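Undergrad: Next one to model:
(one chain, ligands or ions: 1)
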Amino acid sequence: MLNIRRDVKAQSPKKEGKIKIGKPKQVAAGITGVRKSFSIGISEAGLIRTMKTMRSVNKFDGYDCPGCAWPDPDGHRSSFEFCENGAKAFATEATKKRLTPSLLSSKSVQEWSNFSDMELDKLGRLTSPMVLRSDSNFYEEISWNDAFDMIAESVMNLNDPNEAVFYTSGRASNESAFLWGTLARQIGTNNLPDCSNMCHESSGVGLTSSIGIGKGTVTLDCFDKADLVIVIGQNPGTNHPRMLSALANTKRNGGSVISINPLLESGLNRFKHPQEIIRLLGRGTPIADAHFPVRIGGDQALLQGIAKVVLDNDGVNHSFVEEHTEGFDDWVEHISSVKWEDITKQSGIEKEHIIEIGNSVINANNMIICWAMGVTQHENAVATIQEITNLLLMGGHFGRPGAGACPVRGHSNVQGDRTVGINHNPPSSFLDACERETGITMPRDSGFDSVEFIQASRNDKVRLFMALGGNILSAMSDTEEVANSIRKIDLTVQISTKLNRSHLVTGKQALILPCLGRTEFDQSGFVTVENSMGVVHSSNGNLEPASTSLLSEVGIVSGIGYGIAGSDPFKWDEMSKDYDKIRDLIESVLPIFSNYNDRVRQNGGFYLPNGPRDGPTWDTPSSKAIFHSNSIPIRSIKENRFILMTIRSHDQYNTTIYGMDDRYRGIYNSRRIVMMNRLDMDDLAINEKDEVQITSHFMGRKIVSDNWKVVPYEIPRGNLAAYFPEANVLVPLESVAKGSNTPTSKWIEVSVKPQ
Ligand code: SF4
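TA: As a prediction, the model looks like this:
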């Protein structure tokens, strides 16, 4: 009985078309981007729904794009306030296709798992709650009440509240996320892993340790005023496309942009603004003034090299450093002791080029440093982010317009979820306030993050797993290990809009609870979200829901809460009636949300306080910002091995696959590809499109993955890149960043063998 579902595939099957390799694009967005935006919308949602969604996305009274967390302009909104990838995200949510109970029940989970991730997404919207019982391989329909009862019974059967785990994806609104955290804590656990554990956790840890807040310190307007923006480990053209408009503004106002990344991504090359007809027809705005192809994992060394140049030329803002910081002298001593030889060897960048970047930093009155997963998913990620902060502190780039730190978040409300309490290690002040305002006794022990959750379930310590959105199986590292761990859980519950692989690789029993999407009208009112720059604003869908059986996320969380705990002391039965009441509750727990309901009704919402940006002030033990000194890791790998990093294609958004093409990089019809430097290919006598086997090596463990087609690409020698989530299988679960426990998806030691 236990092995009834052993044949369910945890990875997308290897069925692909004939790979086509062209030249990487020199220009991002442009007319092709506009055409793609419309064509995907019309094919999925039809003309009328497409126009309706396009007209209201990211508008003051509209809904928040369910894509990335890039902010919208404060004072005005244009007619079409979205990018190609946003269009894909909302069009596929607004799709007319429906995965009805009879369709979902018509195949076993084994059969559905033979569908690729893209094919699963194209099945359309889930319409009714479904259950997968322990003695069946087929989902069947279940009523909402029976589903809630099943969860309540599972909670009653726990031996310990810490056998329950509550996962959150970055789509959840502030309101549903706050209730989700409350529900977990009412059961008695802080087991609240979230998708942030896998992406920007290192940013939160690094920034908090340096400047006392785990968030960025710039606003969108800062890009108009910056005279230098450094973009490190980030591919904005695909992952945060409207950031290109902000960078184009920097350029038009006389500023410079420097790109530091193993790959030169087309978005940073040249950009044609989709909303500006003159520029659409022209050659586009050149974005990066210079590109430096740092070796994978060499950012920290490069940043210390830049710091060395600035210190050697006394480009320090001494009055700022004196007044606002501590640890500067120790850091100067440390940087002076770092050898140029180590810097150039680890970073792969020549000294003369590092001097070039250092001179730009010295000459910048207002500097912004942006980064994303290319920085955060390394063993030394926290140290690298502290180094970014050191550079900013040295020049005094806080507390004034046009300057600051800009970690760019990839999921629309991932930042807001953390702000309202999705935290496996919450501060006691937050728990005290929750206890006071809800009447619920709060658990005080730390809970599991995402990696710890998998390790616990592998050791039979998790019996109930519930996910508020997302696709944890595909988002996590070490896919097969994660799948085997999840299969051991008694009940897994997913609150979702569409079918994904996490609904197929399940616990012994599983529930799917279908919810409203962002684009859809919610009769209980609007919800709120926080973007990457700390702006809290409303999101108000206007489409008719995909099914009359859907509940909102808040409705589902409240239903589960009421089923488990009734309405004493916490009024679970009242939560979904009026979202203003939830916001009042959040405000009473978190004073930074003062006048929440009033301020969020203003056009564009409101900024949450941010000491380093508004002051600068520093919420650190000494009330000063801190320079941290970190040694560069001198890492070597065995001969004939490579460092592999995972990346996204242009036709995907996080784990959602829209298509098989990566237009900007010129790769079509295939996702099982590995990018390799031509000289490395020659060394291994490998030709373009040859299939290879990749083996990762970590602490004596090997993971083997077959059928990767080689694509020659401009990438530093010894480095490889392959798409996420397919390459996640090669990232060992125990390979994590120090201090943040984020999987090291950008540093995987591998060997490559022709097949
Ligand atoms: S930049 Fe991000 S938030 Fe904005 S429309 Fe594109 S995907 Fe959506």
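Undergrad: Quick one: mean pLDDT over stretch 504-517.
TA: Averaged across stretch 504-517, pLDDT comes to 97.
Undergrad: Thought Ala403 was touching Leu392, still the case?
TA: Yes: the pair Leu392 / Ala403 is scored as a contact, 7.4 Å apart, by Cβ atoms under 8 Å. Placement of C-beta: from N, CA and C, glycine included.
Undergrad: Mutual contacts of these two, please.
TA: Met367 (Cβ atoms under 8 Å, 6 or more residues apart in numbering).
Undergrad: neighbour count winner among these two?
TA: Ala403 (27 against 24; other Cβ atoms under 10 Å).
Undergrad: tell me the phi and psi of the closest residue in space to the more buried one that isn't next to it in sequence?
TA: Leaving out its chain neighbours, the residue that sits closest to Ala403 by Cβ to Cβ, 6 or more residues apart in numbering is His397, at 3.7 Å. The phi/psi pair for His397 (degrees, to the nearest 10) reads phi -90, psi 50.
Undergrad: how many neighbours does His397 have?
TA: 29.
Undergrad: Domains in the chain, by residue range?
TA: Annotated domains of the chain cover 124-196+413-593, 201-407, 642-754 [automatic domain parsing].
Undergrad: ok, the last one near the ligand or not?
TA: The one in question is domain 642-754. No: interface with the ligand: domain 642-754 contributes nothing (Cβ under 6 Å from any ligand atom), its closest point being 7.2 Å away.
Undergrad: Quick check: end-to-end length of that domain?
TA: 14 Å (Cα to Cα, to the nearest Å).
Undergrad: Now do it: distance to the chain's middle.
TA: How far domain 642-754 lies from its chain's middle: 19 Å, per Cα atoms, centre = their mean, to the nearest Å.
Undergrad: Stretch 198-212 too?
TA: 14 Å.
Undergrad: In PDB, list the C-alpha atoms belonging to it.
TA: Provided in PDB are the C-alpha atoms of stretch 198-212 (Å, rounded to 0.1, in the frame of the first residue of the first chain):
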ATOM      1  CA  MET A 198      15.500  29.400  -1.600                       C
ATOM      2  CA  CYS A 199      16.200  32.800  -3.100                       C
ATOM      3  CA  HIS A 200      16.800  36.100  -1.100                       C
ATOM      4  CA  GLU A 201      17.200  34.600   2.400                       C
ATOM      5  CA  SER A 202      20.900  35.400   2.100                       C
ATOM      6  CA  SER A 203      20.100  39.100   1.300                       C
ATOM      7  CA  GLY A 204      17.900  39.300   4.300                       C
ATOM      8  CA  VAL A 205      20.600  37.800   6.600                       C
ATOM      9  CA  GLY A 206      23.400  39.800   5.100                       C
ATOM     10  CA  LEU A 207      21.700  43.200   5.000                       C
ATOM     11  CA  THR A 208      20.300  42.800   8.500                       C
ATOM     12  CA  SER A 209      23.700  42.000   9.900                       C
ATOM     13  CA  SER A 210      25.100  45.100   8.200                       C
ATOM     14  CA  ILE A 211      22.400  47.800   8.200                       C
ATOM     15  CA  GLY A 212      19.800  46.500  10.500                       C
END
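Undergrad: State the mean pLDDT of it.
TA: Stretch 198-212 comes out at a mean pLDDT of 97.
Undergrad: same deal with stretch 608-625?
TA: Across stretch 608-625, the average pLDDT comes to 98.
Undergrad: show me what contacts the one residue in the stretch 101-250 of the chain that gets nearest to the ligand?
TA: Residue nearest to the ligand within the stretch 101-250 of the chain (Cβ to the nearest ligand atom): Arg242, separated by 3.6 Å. Arg242 makes contact with Trp70, Phe82, Cys83, Gly86, according to Cβ under 8 Å, 6+ apart.
Undergrad: hmm, back to that, now the domains of the chain in CSV, please, with extra columns for distance to Ser113.
TA: Formatted as CSV, the domains of the chain follow (distance: least, Cβ to Cβ, whole Å):
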stretch, distance to Ser113
domain 124-196+413-593, 5
domain 201-407, 27
domain 642-754, 14
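Undergrad: and those, which one is worst for confidence?
TA: Among these, domain 201-407 carries the lowest mean pLDDT (a mean of 92).
Undergrad: Next to the ligand, which bits of this structure? Give me the list.
TA: Within the chain, the residues that sit near the ligand (Cβ under 6 Å from any ligand atom) are Cys65, Gly67, Cys68, Trp70, Phe82, Cys83, Asn85, Gly86, Ala89, His240, Pro241, Arg242.
Undergrad: so where does the closest residue to the first one other than its chain neighbours fall, helix or strand?
TA: Excluding its sequence neighbours, the residue lying closest to Cys65 (Cβ to Cβ, 6+ apart) is Gly86, at 4.3 Å. Following DSSP states H and E, one finds Gly86 within helix 84-93.
Undergrad: quick one: that helix to chain centroid distance?
TA: 16 Å.
Undergrad: for Pro161, phi and psi?
TA: Dihedral angles (degrees, to the nearest 10) for Pro161: phi -60, psi -30.
Undergrad: ok, which stretches of the stretch 101-250 of the chain are helices?
TA: 101-105, 109-112, 117-121, 144-156, 174-187, 201-211, 222-225, 236-239, 243-252 (DSSP state H, counting those that start in this stretch).
Undergrad: Just list what the next helix or strand after the last one packs against, helices and strands only.
TA: Using DSSP H and E, the helix or strand that directly follows helix 243-252 along the chain is strand 256-260. In this structure, strand 256-260 packs against strand 228-232, helix 243-252, strand 290-292, helix 351-363, with contacts taken as 3 or more Cβ pairs under 8 Å, 6 or more residues apart in numbering; DSSP states H and E.
Undergrad: Quick check: buried residues in the third one?
TA: Same thing as strand 290-292. By 16 or more other Cβ atoms under 10 Å, the buried positions in strand 290-292 come out as His291, Phe292.
Undergrad: how much space between Arg444 and the ligand?
TA: Distance, Arg444 to the ligand, using Cβ to the nearest ligand atom, to the nearest Å: 36 Å.
Undergrad: Next, find the distance separating that residue from Asp417.
TA: Distance of Arg444 to Asp417, computed by Cβ to Cβ, to the nearest Å: 21 Å.
Undergrad: Give me the more crowded residue out of the two.
TA: For Arg444 and Asp417, the more surrounded residue by other Cβ under 10 Å is Asp417, and the numbers stand at 32 against 10.
Undergrad: ok but the more buried one is inside a helix, no?
TA: Yes: secondary structure of Asp417 (DSSP: H, G, I helix; E, B strand; the rest coil): part of a helix.
Undergrad: Now it. Nearest residue, chain neighbours left out?
TA: Nearest to Asp417 is Ala177, by Cβ to Cβ, 6+ apart, at 4.2 Å.
Undergrad: got the contact list for whichever residue of the stretch 451-600 of the chain sits closest to the ligand?
TA: Closest residue of the stretch 451-600 of the chain to the ligand, Cβ to the nearest ligand atom: Asn531 (7.9 Å). By Cβ under 8 Å, 6+ apart, Asn531 lies in contact with Asp64, Ala69, Trp70, Pro71, Asp72, Arg409, Ser412, Gln415, His537.
Undergrad: 7 Å instead, please
TA: Shown in contact with Asn531 (Cβ atoms under 7 Å, 6 or more residues apart in numbering): Ala69, Pro71.
Undergrad: can you check the one 5 residues further on too?
TA: With contacts defined as Cβ under 7 Å, 6+ apart, Val536 is in contact with Gly416, Thr528, Glu530, Val600, Gly605, Phe606, Leu608.
Undergrad: For Asp449, give its distance to Arg252.
TA: 42 Å.
Undergrad: Look at those two and report which has more neighbours.
TA: The neighbour count for Asp449 versus Arg252, taken as other Cβ under 10 Å, is higher for Asp449 (24 against 10).
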